[in-house]
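Undergrad: Make a model of this:
(one chain, ligands or ions: 1)
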Amino acid sequence: MNICGYIPESVNEGDGLRAVVFISGCRHGCSGCFSRHTWSFQAGERFTDKLQQQLIDEMMQNPLLDGLTIAGGDPFFSAIEVSGFVQQVRQQIPDFSIWIYSGYTWEQLIQSSVEGEVSLLHLCDVLIDGRFIEQQRDVSLRYRGSRNQRIIDIQQSIIQNKPVLCQSSDMYDNNADINAMTTLT
Ligand code: SF4
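TA: Sure, this is the predicted structure:
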């Protein structure tokens with residue numbers, strides 16, 4: 001597994017102040033993708049155990065951080081390796097929230113038979129799901145590129161056996177936005 005980026009502090013990839021790790025590799029091929037440089041699984045550098053621990057140490061030393069976001073590429077193409085990293089974060093920084101992006105939808109991931117994908121989903125708190133759809137692009141959206149993408153509360157969705165949107169009001173731009181997302185569930 002390679003990473004093609006790391007941001008120690010960001011407010012753009014999830015609620016609060018978050019560290020962001022970009023996992024290399026994506027096969028979704030969304031038209032209009034702004035991250036084509038992340039499609040190659042060889043992009044960036046090896047995410048070795050040493051580098052993983054280095055980033056965890058750095059996150060632990062920043063008391064302002066609310067959590068970690070894992071973006072890409074699509075981290076679910078490297079689900080087993082990413083799960084190992086997330087488990088380390090969970091053990092060492094238990095109060096961190098963990099958000100994860102995927103071009104797959106909730107429905108695809110929760111029913112996936114690909115080894116590691118369901119496990120990775122269970123390890124995280126929030127999923128931003130779905131491919132980027134150029135025709136639904138909206139630069140006013142928080143944390144998302146297109147209107148089809150949803151901000152999903154993973155643990156509540158598992159309990160209720162359906163995709164449950166995060167309800168924090170400041171994640172959405174207006175009621176029309178959240179209503180549009182709700183109709184997709
Ligand atoms: S899932 Fe994300 S990184 Fe992959 S092609 Fe789509 S927009 Fe690009």
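
Undergrad: for the residue nearest the centre of the chain, what are its contacts?
TA: With the centre of the chain defined as its mean C-alpha position, the nearest residue by C-alpha atoms, centre = their mean is I100, 1.7 Å away. For I100, the contacting residues are 69-71, 75-76, 120-121, 124, 126-128, taking C-beta atoms under 8 Å, 6 or more residues apart in numbering as the criterion. From N, CA and C alone the C-beta is placed, and that goes for glycine too.

Undergrad: And the lengthiest helix in the chain, what does it pack against?
TA: For the chain, the helix with the greatest residue count under DSSP state H is helix 79-92. With contacts defined as 3 or more C-beta pairs under 8 Å, 6 or more residues apart in numbering; DSSP states H and E, helix 79-92 has these neighbours: helix 49-60, strand 67-71, strand 97-101, helix 117-123.

Undergrad: Residue numbers of the protein in contact with the ligand?
TA: 26, 28-30, 33, 35, 38, 72-74, 103, 131-132 (C-beta under 6 Å from any ligand atom).

Undergrad: Kindly recompute the last result at 8 Å.
TA: 26-30, 32-36, 38-39, 72-74, 101-103, 131-132, 145 (C-beta under 8 Å from any ligand atom).

Undergrad: Does S112 belong to a helix, a strand or coil?
TA: Recorded secondary structure, S112: coil (DSSP: H, G, I helix; E, B strand; the rest coil).

Undergrad: related to what we said a few turns ago, beta-bridge partners for the residue nearest to the centre of the chain, please?
TA: I70, L127 (DSSP bridges).

Undergrad: What residues sit buried inside the longest helix of the chain?
TA: For helix 79-92, burial by neighbour count (16 or more other C-beta atoms under 10 Å) applies to 79, 81-86, 89.

Undergrad: Go through the residues you listed and say which is closest to Q155.
TA: V86 (14.1 Å; C-beta to C-beta).

Undergrad: who touches the residue nearest to that closest one when sequence neighbours are not counted in this structure?
TA: Nearest residue to V86, sequence neighbours excluded (C-beta to C-beta, 6 or more residues apart in numbering): L123, at 4.7 Å. Shown in contact with L123 (C-beta under 8 Å, 6+ apart): 83, 86-87, 90, 98.

Undergrad: Reformat the residues you listed as JSON lines; add distance to D49.
TA: Formatted as JSON lines, these follow (distance: C-beta to C-beta, whole Å):
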{"residue": "S83", "distance to D49": "14"}
{"residue": "V86", "distance to D49": "14"}
{"residue": "Q87", "distance to D49": "12"}
{"residue": "R90", "distance to D49": "16"}
{"residue": "I98", "distance to D49": "19"}
